[in-house]
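Visitor: need the 3D shape of this:
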Amino acid sequence: MKKLMAVVVLASLAAAPVLAADDGAKLYAEKTCGACHGANGTKTLMPDYPKIAGQNAKYLEKQMLDIKTGARANGNSAAMKGVMPLVSDEQIKVLADYISKLKP
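Guide: As a prediction, the model looks like this:
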């Protein structure tokens with residue numbers, strides 16, 4: 001039984017799509033991050049939107065997760081409320097890593 005469970009777990013992991021770090025740029029474009037934060041995370045649509053390029057990856061991940069769950073609901077996060085349900089937790093990690101490596 002334990003061997004069967006191990007096989008099922010390994011099979012499900014193998015079948016799950018794994019996102020590479022290179023996918024960060026693609027996700028940034030697909031999820032329309034650049035519309036508000038700028039193509040490189042440095043030129044924002046509105047003056048009070050954050051410049052996110054070079055920000056700490058763990059901080060970015062936490063903010064995105066908090067917006068997604070509703071734990072963060074201040075005025076500036078309202079624009080992201082519609083997008084974040086469409087972003088998986090794995091994609092959030094990839095995005096956070098990608099954004100953290102952009103030059104501020």
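Visitor: the most centrally placed residue in the chain: what's it in contact with?
Guide: Residue closest to the average C-alpha location in the chain (Cα atoms, centre = their mean): I92, at 2.4 Å. Residues in contact with I92 (Cβ atoms under 8 Å, 6 or more residues apart in numbering) are 61, 64-65, 68. For every residue, glycine as well, the C-beta is placed using N, CA and C.
Visitor: would you map the helices across this structure?
Guide: 2-15, 23-30, 33-37, 57-69, 89-100 (DSSP state H).
Visitor: buried residues, the last one. List them.
Guide: If I follow you right, that is helix 89-100. 91-100 (16 or more other Cβ atoms under 10 Å).
Visitor: dump these to a markdown table, plus distance to I52 and pLDDT.
Guide: Listed next are these as a markdown table, based on distance: Cβ to Cβ, whole Å; pLDDT from 0 to 100:
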| residue | distance to I52 | pLDDT |
| --- | --- | --- |
| Q91 | 15 | 97 |
| I92 | 13 | 98 |
| K93 | 15 | 98 |
| V94 | 14 | 98 |
| L95 | 10 | 98 |
| A96 | 9 | 98 |
| D97 | 12 | 98 |
| Y98 | 10 | 98 |
| I99 | 5 | 98 |
| S100 | 9 | 98 |
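Visitor: next, format those as JSON lines and append distance to M84.
Guide: JSON lines is the format used below for the buried residues of helix 89-100 (distance: Cβ to Cβ, whole Å):
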{"residue": "Q91", "distance to M84": "10"}
{"residue": "I92", "distance to M84": "8"}
{"residue": "K93", "distance to M84": "14"}
{"residue": "V94", "distance to M84": "14"}
{"residue": "L95", "distance to M84": "11"}
{"residue": "A96", "distance to M84": "13"}
{"residue": "D97", "distance to M84": "17"}
{"residue": "Y98", "distance to M84": "16"}
{"residue": "I99", "distance to M84": "14"}
{"residue": "S100", "distance to M84": "18"}
